[in-house]
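[1] kindly return the folded structure for what I paste below:
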Amino acid sequence: MKRFATVLVLGALGLSATILAQGPVKLSFYSSGDVNVKNLWEQNLLPMYQKKNPNVQFDLIFSQSGTGNQATLDRMAAAKKAGAASGIDLLEGPVLEAGEAGLLVAVKSKDISRLSRVEANVLARAKGFGVPYRGSSVVLAYNASKVSKPPKTLEALLEWIQKNPGQFTYNTPDTGGSGNAFVTRVLKLGLETKDATTFESGYEPALINQWDKGFETLKKLAPNLYNGGQYSKNNAETIQLLAKGAINMGPVWSDQGLSALKQGILPENIKLVQINPPFSGGSSYLGVAADSPNKLEALKFLNWVLGEEAQAVIVDKMNGYPGVKIAAMPADVRKKFGTIAKSFSFGFSSKFGADMNRLWYEKIAGTPQPQR
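    Below you'll find the model as predicted:
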């Protein structure tokens, strides 16, 4: 096939460049997560995109639970060092790590016009190297048959727990994000405002004494938890306790709670609400490899993923938040998430998180952290 240059001005996408028309484009897409993520791409989003863009093909390489993420990063880094192409166009997973290593292009509004639909703080979390296409956060689940006015703040929640002994619990912070988010939010009670960012993205061990107020609060709270101080084993067990009425309130992941309600695992009387300031959450990001020969087509795909059609499917199939601002979504989506799809906060950095887990076992459980 004869190759020839064609100038395209992609104004609707915020893209403008000279591209080389070479027939079909194949995008090598390295993704990771659980099987529902794989199904989302294979059965829904990629076929939808190809139907509208028949010149584009995808080669999806999926890493179950992210077990291959490090190998992917190593491959990209080795290719950069050798001055060769990695063979990767799109990346989902360790986007921040790849971006900081110079392996991804920075995403900008001039290339992705729908980037303006994304919350600025969520975009900043990946330091401009990735597009958040879906998200979730920890929220408060409660039994509306027993609780007519759920707490709206952490202080009100702590007061409710004290006044309703045995009706609340959370999982140990090293066994699931819902319990981790609850502990994190309580520990933030004692943080100095100027150090908040350091706790989320840096590490200064000398600051750990700012957790003293939070740990003292958790210690006083313990006797008022389910069954006189019993913690759930993981995210799922908190949902199970809510389902059978053993507790009337607990922290759960938004997508996990919505899925449980949709499947009938949780009864209709269980409602979800977000407190203020909110519990922590996170987004899944897509990035474009710096050495990709198909950058324009990859950026065009990312722009499409942020569109209403793709986002509606993501919300439906994943029961997760859209990657864009909830206000940018149709009324039915806004109604589905009700009061939970607000801006979420962020947890502690990995090193602070490890310290938090260790100290929780020492100060709250009264035992060393179990080996895993």
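[2] low-scoring pLDDT stretches of the stretch 51-200 of the chain, where are they?
    Within the stretch 51-200 of the chain, the set of residues satisfying pLDDT under 70 is empty.
[3] show me where it has strands.
    Assigned by DSSP state E, counting those that start in this stretch, the strands in the stretch 51-200 of the chain fall at 56-64, 90-92, 131-143.
[4] would a markdown table of the ones you listed with mean neighbour count be doable?
    To be clear about C-beta, it is placed using only N, CA and C from the backbone, and glycine gets the same treatment. Formatted as a markdown table, these follow (neighbours: other CB atoms under 10 Å):
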| stretch | mean neighbour count |
| --- | --- |
| strand 56-64 | 16 |
| strand 90-92 | 26 |
| strand 131-143 | 26 |
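[5] what helix or strand is Ala354 on?
    helix 350-360 (DSSP states H and E).
[6] pull the residues that contact that helix.
    172-174, 180, 183-184, 187, 199, 203, 205, 208, 211, 215, 218, 347-348, 369 (CB atoms under 8 Å, 6 or more residues apart in numbering).
[7] one more pass at 7 Å, please.
    Residues outside helix 350-360 that contact it (CB atoms under 7 Å, 6 or more residues apart in numbering): Pro173, Asp174, Val183, Leu187, Phe199, Tyr203, Ile208, Phe215, Gly347, Phe348, Gln369.
[8] that one: how far from the chain's middle?
    Counting by CA atoms, centre = their mean, to the nearest Å, helix 350-360 is centred 20 Å from the centre of its parent chain.
[9] tell me what angle the helix ranked longest in the chain forms with strand 56-64.
    Secondary structure of the chain per DSSP state H: the longest helix is helix 69-82. Helix 69-82 and strand 56-64 are oriented at 120 degrees to each other (axes from the mean of the first three to the mean of the last three CA atoms, to 10 degrees).
[10] report the buried residues of helix 69-82.
    Using 16 or more other CB atoms under 10 Å as the test for burial, helix 69-82 gives Asn69, Thr72, Leu73, Arg75, Met76, Ala79, Lys80.
[11] quick revisit: mind putting the strands of the stretch 51-200 of the chain in JSON lines, distance to Asn227 included?
    Shown next, in JSON lines, are the strands of the stretch 51-200 of the chain (distance: least, CB to CB, whole Å):
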{"stretch": "strand 56-64", "distance to Asn227": "35"}
{"stretch": "strand 90-92", "distance to Asn227": "40"}
{"stretch": "strand 131-143", "distance to Asn227": "17"}
